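Participant: Predicted model and sequence below, questions to follow.
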Amino acid sequence: RNRMIPSSVACLARRAGLGLRTSSARPLQRTFRRSVMTTRQSDEKVLVGDPVKTQPEQGAPLVFVSAYTNIDILAHQPAGDNAPFGFYVYKMNTTTGGLTLTSVDKGVANPAFSRYHPTKNILYTATESIHENGIVATYDVDPESGVLTERAQQDAGGASTCYLTVDRDEENMLFVNYWDSTLGTFPLDDGTPVDSVKLIETKFDAADAVAKRRPSPKAGEQRKHSLNDPE
């Protein structure tokens with residue numbers, strides 16, 4: 001059977017007064033797998049609106065699932081196939097945990113980590129690649145349909161961007177570039193990252209660490225992060 005690789009799941013539910021926590025995400029895993037199998041008809045066909053067991057109630061929260069679309073450019077080599085879409089957006093029935101697929105989006109390659117804005121219907125995602133700098137993409141979210149409309153893209157100034165967060169005043173975004181071992185910030189203008197990236201100076205020699213890392217795995221080769229750990 002074909003398997004797609006979810007890079008993040010059940011961490012971005014959005015509705016007033018509702019937030020998914022780690023403990024509540026676990027029961028959704030089996031439902032998510034069934035949904036992926038029923039919607040993966042081919043590399044280009046997805047049955048948007050196909051319910052998974054139960055229909056969502058009115059005003060149901062949105063669940064955003066991001067997936068790897070090109071596993072050959074990752075720092076690791078997971079088992080599975082490239083996903084045809086970067087984002088799958090579901091509505092969740094909060095009584096049963098059932099998910100209904102409402103929209104898909106090809107978006108950027110390998111949206112590995114996503115963050116919802118604290119007060120706006122904006123979704124941020126960071127891309128993962130060891131061959132080029134990561135991208136921080138900003139999307140407007142339709143709160144009813146979950147349809148994503150790209151607002152902006154910003155270069156993260158380093159490879160394999162793997163974490164995003166927004167400060168308490170909602171004026172800046174902080175991010176991490178895994179492959180380059182760097183931290184950086186963007187100022188936010190009405191929720192959108194603007195200007196050039198500002199990398200944070202640290203005492204850690206990131207350039208030396210990157211130079212010691214092994215090259216990208218060959219096609220079909222299994223790759224583990226631990227291979228880059230010092231002996």
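Facilitator: Noted; the coordinates are in hand.

Participant: Now do the residue lying closest to residue 70 once chain neighbours are set aside: how many residues are near it, please.
Facilitator: Take residue 70 and drop its neighbours on the chain: the residue closest to it by Cβ to Cβ, 6 or more residues apart in numbering is residue 109, 5.1 Å away. In short, each C-beta sits where N, CA and C put it, glycine included. Neighbour count of residue 109, defined by other Cβ atoms under 10 Å: 17.

Participant: in what helix or strand does residue 162 lie?
Facilitator: strand 161-166 (DSSP states H and E).

Participant: Just the C-alphas of that strand, formatted as PDB.
Facilitator: Taking Å, rounded to 0.1, in the frame of the first residue of the first chain, the C-alpha atoms of strand 161-166 are listed here in PDB:
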ATOM      1  CA  THR A 161      14.000  25.400   8.700                       C
ATOM      2  CA  CYS A 162      12.300  23.400  11.400                       C
ATOM      3  CA  TYR A 163      10.600  25.700  14.000                       C
ATOM      4  CA  LEU A 164       8.500  28.900  14.000                       C
ATOM      5  CA  THR A 165       7.000  30.900  16.900                       C
ATOM      6  CA  VAL A 166       5.500  34.400  17.300                       C
END
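
Participant: rewinding a little: tell me the pLDDT of the residue nearest to residue 70.
Facilitator: On pLDDT, residue 109 comes in at 92.

Participant: same question, residue 7
Facilitator: Looking at residue 7, the pLDDT reads 49.

Participant: Then residue 63?
Facilitator: 94.

Participant: Could you do residue 97 as well?
Facilitator: pLDDT, read off for residue 97, is 87.
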